[in-house]
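Participant: Build me a model from this:
(one chain, ligands or ions: 2)
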Amino acid sequence: MIEVKNVTKKYGNVLALDNISFNIKEGEIIGLLGPNGAGKSTTMNIITGYIEQTSGEVTVAGYNMLKKAKKAKREIGYMPEGVPLYTDLTVKEFVTYMAELKKVDKKTRKEQVKKVIKETGLEDVQKKLIRNLSRGYKQRVSMAGALVGDPQILILDEPTVGLDPKQVTEIRALIKKFGEKHTVILSSHILSEVSQICNKVIIINKGKIVAIDTPENLEAKVSGSNSIYVTVEDKENKMKGIKSKIKGLKSIKLIKKNEDKTKEYMLEAEKDVDLRKTVFEKFAKEGITIFEMKKADATLEDAFMKIIEKGGKK
Ligand code: ADP
Ligand code: MG
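Facilitator: Ligands and ions are numbered 1, 2, ... in the order given. So this is what the prediction gives:
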């Protein structure tokens, strides 16, 4: 359905995308996941034909985006980052305008607008000016604009940013529902969001793809590691030499320095080694005081950080 092949994008000297490639099949719900500045919006803007890549190729529903832009764009509904424009229009006027822009057949236009307004739960506010709506409703209006014309592909850039928890839940449910009938790409910097909605995750960092996998597999990839977090007071600076004194300890990493001069470290153990008992005993012997010790859960968050770190070292 969507093919991105060796795409690079430079903004002047800024290399925003560095030779990325991936394929998206019909009916998939894909999460484009990465921290701010990773290149998510740039990727989406290129897939939608909103900006041009510096090099590489994008094919949408069989059409080359640069050569057959009109046809390719017809298959895409795009919800860009941020709130919708045209805030002086009513909801219905905006959706109708989007339908005109997308060249929805005049005969079916009214019907289409009505259907989309209903699907996005905007019936009660359709006569209101967009600027008078809450953030959550504005987001729905944006979504309605993307959906009108019944495109095969929906592309949603950070669809839940700035929403309150209730609105987030509602928008996620909406996306899931549309995912039953459409191919969806959504971007997010929130892992739990992507794992809830998507069946495949593309992790992107600094313009490079660092992983493509299912949320389950990404979690499994790190679940073999068992780390613990310890917060310590180390007056005599003994943490430096501790690694060689503890069997099965693979690495030590300083996570943060607290205001009360305690420090938090992450200790990574060899597979199947439980460090807690040894750490407790050895630290006491060395005069390192433990304030807190906890086992790290292998969450998607950990997977994300690990994968990003690895990708960065390449
Ligand atoms: P994300 O959406 O993941 O936060 P973006 O795609 O917006 O990331 O940005 C990727 C990189 O490209 C960032 O370093 C950003 O500063 C840069 N960038 C994005 N748009 C422009 C632009 N119009 N001009 C110059 N640099 C840009
Ligand atoms: Mg962005």
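Participant: quick one, helices of the stretch 201-314 of the chain?
Facilitator: Secondary structure of the stretch 201-314 of the chain by DSSP state H, counting those that start in this stretch: the helices cover 215-223, 276-286, 300-313.
Participant: What's the local residue count around the residue of the chain at minimum distance from ligand 2?
Facilitator: Proximity of the chain to ligand 2 (C-beta to the ion) peaks at residue 41, 3.2 Å away. In this view, the C-beta of every residue, glycine as well, is placed from N, C-alpha and C. Neighbour count of residue 41, defined by other C-beta atoms under 10 Å: 20.
Participant: now swap in residue 50 and tell me
Facilitator: 15.
Participant: what does residue 156 give?
Facilitator: 27.
Participant: I'd guessed it sits against residue 185; true?
Facilitator: Yes - using C-beta atoms under 8 Å, residue 156 makes contact with residue 185 at a distance of 7.2 Å.
Participant: touching ligand 1 at all, stretch 190-204?
Facilitator: No - using C-beta under 6 Å from any ligand atom, stretch 190-204 stays clear of ligand 1, coming no nearer than 7.0 Å.
Participant: quick one: terminal-to-terminal distance for that stretch?
Facilitator: Across stretch 190-204, the terminal residues are separated by 13 Å (C-alpha to C-alpha, to the nearest Å).
Participant: contact partners of that stretch?
Facilitator: Residues from elsewhere that reach stretch 190-204 (C-beta atoms under 8 Å, 6 or more residues apart in numbering): 20, 22, 28-34, 38-40, 43, 160, 168, 172, 175-176, 179, 186, 188, 209-215, 218-219, 299-301, 304, 307-308, 311.
Participant: Buried residues, it. List them.
Facilitator: Of all the residues in stretch 190-204, those buried under the rule 16 or more other C-beta atoms under 10 Å are 190-191, 193-195, 197-198, 200-204.
Participant: can I see the domain layout of this structure?
Facilitator: 2-220, 225-297 (automatic domain parsing).
Participant: any chance of those domains in a markdown table, with mean pLDDT too?
Facilitator: Formatted as a markdown table, those follow (pLDDT from 0 to 100):
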| stretch | mean pLDDT |
| --- | --- |
| domain 2-220 | 91 |
| domain 225-297 | 89 |
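Participant: Just say which of those domains is most tucked in.
Facilitator: domain 2-220 (a mean of 18; mean count of other C-beta atoms under 10 Å).
Participant: Next up, the contacts around residue 156.
Facilitator: Contact analysis of residue 156 by C-beta under 8 Å, 6+ apart lists 79, 143, 146, 175, 184-187.
Participant: out of those residues, which touch ligand 1?
Facilitator: Counting by C-beta under 6 Å from any ligand atom, no member of the contacts of residue 156 is near ligand 1.
Participant: Mind picking the one among those that's closest to ligand 1?
Facilitator: The closest of the contacts of residue 156 to ligand 1 turns out to be residue 187 (C-beta to the nearest ligand atom; 6.6 Å).
Participant: about what we covered before: the contacts of stretch 190-204 in strands, which ones?
Facilitator: Within the contacts of stretch 190-204, membership in strands is found for 20, 22, 29-33, 186, 188, 209-213, as judged by DSSP state E.
Participant: Which of those residues sits closest to ligand 1?
Facilitator: Of the ones in strands among the contacts of stretch 190-204, the one sitting nearest to ligand 1 (C-beta to the nearest ligand atom) turns out to be residue 32, at 8.1 Å.
Participant: Assess the claim that that closest one and residue 42 are in contact.
Facilitator: No - counting by C-beta under 8 Å, residue 32 does not reach residue 42; the two are 10.5 Å apart.
Participant: Tell me how far residue 229 lies from residue 12.
Facilitator: From residue 229 across to residue 12, the span is 42 Å (C-beta to C-beta, to the nearest Å).
Participant: repeat for residue 179
Facilitator: Looking at residue 179 against residue 12, where the rule is C-beta to C-beta, the gap reads 37 Å.
Participant: rewinding a little: could the ones in strands among the contacts of stretch 190-204 be laid out in JSON lines, adding distance to residue 271?
Facilitator: Below are those laid out as JSON lines (distance: C-beta to C-beta, whole Å):
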{"residue": "20", "distance to residue 271": "32"}
{"residue": "22", "distance to residue 271": "31"}
{"residue": "29", "distance to residue 271": "33"}
{"residue": "30", "distance to residue 271": "32"}
{"residue": "31", "distance to residue 271": "29"}
{"residue": "32", "distance to residue 271": "32"}
{"residue": "33", "distance to residue 271": "27"}
{"residue": "186", "distance to residue 271": "35"}
{"residue": "188", "distance to residue 271": "31"}
{"residue": "209", "distance to residue 271": "27"}
{"residue": "210", "distance to residue 271": "23"}
{"residue": "211", "distance to residue 271": "21"}
{"residue": "212", "distance to residue 271": "25"}
{"residue": "213", "distance to residue 271": "21"}
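Participant: Name the residues that touch stretch 100-120?
Facilitator: Residues outside stretch 100-120 that contact it (C-beta under 8 Å, 6+ apart) are 74, 91-92, 95-96, 99, 123, 126, 140-141, 143-144, 147-151, 174.
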